[in-house]
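Q: Dropping a prediction and its sequence here:
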Amino acid sequence: LVDVLGSGSTFIGTDRGFVVRYDHDARTISMTHEWCAPGIPPAFEREQDRPFDDMPQEQARLLRHEINEIRDVSHLPEDWEADAEYLAEEGITAILEFPFLRDGRVAGLVGFDNLTGPATWIAQDLPVLRSVAALVEHAFERGGSVRTGGDVDRRLEVFERSPIAILVVDSQARIVAANDVASRLVGRARDALHGVALEELLQRDDAAGFRAEWAELGSGALDSCSVEVRLHGGGPSRWCRLDVLADRPYGGELVGWTVHVWDLSDQRLVVDELERTEARFSSLVAALPEGSIQFVPGRPPEFVNQAAIDLRDRLVAAGVADVDGWPDLPEELVARLRESMLRAIDSSSQEVVEFPVSAPGAVIWLECTLIPQPQDGDDPIVLVVLRDTTSGHQHRAELEHQANHDHLPGLPTRVAFLSRLTAACGAVGDLPDSVGLLFVDL
């Protein structure tokens, strides 16, 4: 149970997982199992014989067979004062609890809580956690040493209503029982599954790997395993994860296995589409005529396309010094680029910087577009797109020369003369200096 709680807590990113049992006569609850993340203090000793009235609103929800979900304790309604006081005393910042039943009333709950901030779980996690609660209920149902007819009925009820696809197989790995969810997932009627070797449901390519895991289970080297395989029943194959648990009653001889089947088809479709999208993106960026570099500031680049490498080589060939694979730029230019990058990251918007790089006998103009990328972690990711704009500057300079010089003798025109005269007069202003003008009539 503690392993199950740890897996559930890790899955949704909570700090603690726990099981609590109810004593309806005494109106108290007591913790029976607890898992804590590293550095999180246990609450087991404090959570014994805790009165219902310590958390009246929370218990009201659970006793109505509802999920108790508090994503942020700091936003509780006004009538939750007693609950808020208890949660603050325990340092709990978010809590999620699922009741499980026995004989029609709440026998206990499976809970997960945070001590380090608001909830991180999402709505899609709740069916999985509800399944964990069903498994815990099933475990408690199996806990008695004497099986009565009522015990068997209750176990069957849990088996049938579980939202998880469950297969029960014997020691020869042949299916002896399947619930409705498993039947629908595999695509065969429950009766048709009885006596079928589990391996027959696997794609041939996946059977060998599964067989090796199965051999270790049978030898006693493992009590459980998880494998991803493709199942095929009455239709197309589906990617599934099989969580296999050995059934050794009271620690004795192996009698079979319980197999929980999780449909991964939708996940696989999403993953495959993401991989295809990333491949298309990488191919597109790699083929761009502009240089592209993606990096986390202060670290080596994660991606550099061929156009960026070619641009670097052209700069080096023109005489720009190479330092550890990067062009050696003046310190003032490096500082300007760094400031632009920080502005882009802070504002989550792109910045464009154009600058000249001086080389012996030439000036190369570059346009640098800094684009901050969305990321999940704390480290910012920046995409830099580089363009050589030298030809554009040369073209503008040529147009300016043509506008100010006669094309036959190459001498400045009247437009250039008036521009220089205006600039000279403006430079003098109110100073005692003067501007001399010599007019020669040709």
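A: Arrived safely.
Q: Helix or strand next in line after the helix or strand of the chain with the lowest mean pLDDT, which one?
A: Sorted by mean pLDDT, DSSP states H and E, the helices and strands of the chain end with helix 149-161, the least confident at a mean of 59. Downstream of helix 149-161, the next assigned helix or strand under DSSP states H and E is strand 165-170.
Q: tell me the mean pLDDT over that next one?
A: The average pLDDT within strand 165-170 is 86.
Q: which other residues reach the very next helix or strand once past it?
A: Once strand 165-170 ends, the next helix or strand along the chain (criterion: DSSP H and E) is strand 175-178. Identification of contacts with strand 175-178 by C-beta atoms under 8 Å, 6 or more residues apart in numbering yields 159, 165-170, 186, 190, 193-198, 256. The C-beta positions use only the backbone N, C-alpha and C, and glycine is treated the same way.
Q: Mind doing that once more with 6 Å?
A: Contact partners of strand 175-178, identified using C-beta atoms under 6 Å, 6 or more residues apart in numbering, comprise 167, 168, 169, 170, 190, 193, 196.
Q: Among these, which one sits closest to residue 305?
A: Closest approach between the contacts of strand 175-178 and residue 305, by C-beta to C-beta: residue 167, at 49.4 Å.
Q: Ignoring the adjacent residues along the chain, who's closest to the closest one?
A: Leaving aside its sequence neighbours, residue 167 sits nearest to residue 259 (C-beta to C-beta, 6 or more residues apart in numbering; 4.3 Å).
Q: and what of residue 373?
A: Distances taken as C-beta to C-beta, 6+ apart place residue 381 nearest to residue 373, at 4.1 Å, with adjacent residues excluded.
Q: what pairs with the helix or strand in which residue 34 is found, and is each one parallel or antiparallel?
A: Assigned by DSSP H and E, residue 34 falls within strand 28-36. Using DSSP bridges, the strands paired with strand 28-36 are strand 16-23 (antiparallel), strand 50-51 (antiparallel).
Q: Please name whichever of these is nearest to residue 84.
A: Shortest separation from residue 84 across the strands paired with strand 28-36 is recorded for strand 50-51, at 15.9 Å, computed as C-beta to C-beta.
Q: Check what contacts that closest one and list those residues.
A: By C-beta under 6 Å, 6+ apart, the list of residues contacting strand 50-51 reads 28, 29.
Q: and with 7 Å instead?
A: Strand 50-51 is contacted from outside by 27, 28, 29, using C-beta atoms under 7 Å, 6 or more residues apart in numbering.
Q: Now the buried members of the residues you listed.
A: 28, 29 (16 or more other C-beta atoms under 10 Å).
Q: can you put the contacts of strand 50-51 in JSON lines and add pLDDT?
A: As requested, the contacts of strand 50-51 are arranged in JSON lines below (pLDDT from 0 to 100):
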{"residue": "27", "pLDDT": "90"}
{"residue": "28", "pLDDT": "91"}
{"residue": "29", "pLDDT": "92"}
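Q: Columns distance to residue 121 on top of the contacts of strand 50-51, output as CSV?
A: Shown next, in CSV, are those (distance: C-beta to C-beta, whole Å):
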residue, distance to residue 121
27, 30
28, 28
29, 23
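Q: about what we covered before: output the strands paired with strand 28-36 in CSV, with mean pLDDT and mean neighbour count appended to each entry.
A: Shown next, in CSV, are the strands paired with strand 28-36 (pLDDT from 0 to 100; neighbours: other C-beta atoms under 10 Å):
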stretch, mean pLDDT, mean neighbour count
strand 16-23, 92, 21
strand 50-51, 90, 14
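Q: Of all the ones you listed, which one comes closest to residue 388?
A: strand 16-23 (57.1 Å).
Q: Quick check: bridge partners of residue 228?
A: Taking DSSP bridges as the rule, residue 228 bridges to residue 241.
Q: Can you verify my assumption that it contacts residue 241?
A: Yes: when contacts are counted by C-beta atoms under 7 Å, residue 228 is listed as touching residue 241 (5.1 Å).
Q: between the two, what contacts are shared?
A: Each of residue 264 lies in contact with both residue 228 and residue 241 under the rule C-beta under 7 Å, 6+ apart.
Q: distance of residue 94 from residue 373?
A: Using C-beta to C-beta, to the nearest Å, we find residue 94 at a distance of 29 Å from residue 373.
Q: Would you mark the buried spots in stretch 405-412?
A: Under the neighbour-count rule, stretch 405-412 has none buried (16+ other C-beta under 10 Å).
Q: so where does residue 382 fall, helix or strand?
A: Judged by DSSP H and E, residue 382 forms part of strand 381-388.
Q: Report the next helix or strand after that strand in sequence order.
A: Sequence-wise, the next helix or strand downstream of strand 381-388 (DSSP H and E) is helix 390-404.
Q: and that following helix, what does it pack onto?
A: strand 362-373, helix 414-428 (3 or more C-beta pairs under 7 Å, 6 or more residues apart in numbering; DSSP states H and E).
Q: ok, and the closest non-adjacent residue to residue 293?
A: residue 384 is the one closest to residue 293 (C-beta to C-beta, 6+ apart), at 4.5 Å.
Q: What residues does that neighbour make contact with?
A: Going by C-beta under 7 Å, 6+ apart, residue 384 touches 293, 368, 370.
Q: which non-adjacent residue is nearest the second one?
A: So the one you mean is residue 368. Nearest to residue 368 is residue 353, by C-beta to C-beta, 6+ apart, at 4.8 Å.
Q: Show me which positions of the helix or strand containing that neighbour end up buried.
A: Assigning secondary structure by DSSP H and E places residue 353 in strand 351-359. If you call a residue buried by 16+ other C-beta under 10 Å, then strand 351-359 has these buried ones: 351, 353, 355, 357, 359.
Q: partner residues bridging the last one?
A: In this structure, residue 359 has the following beta-bridge partners (DSSP bridges): residue 362.
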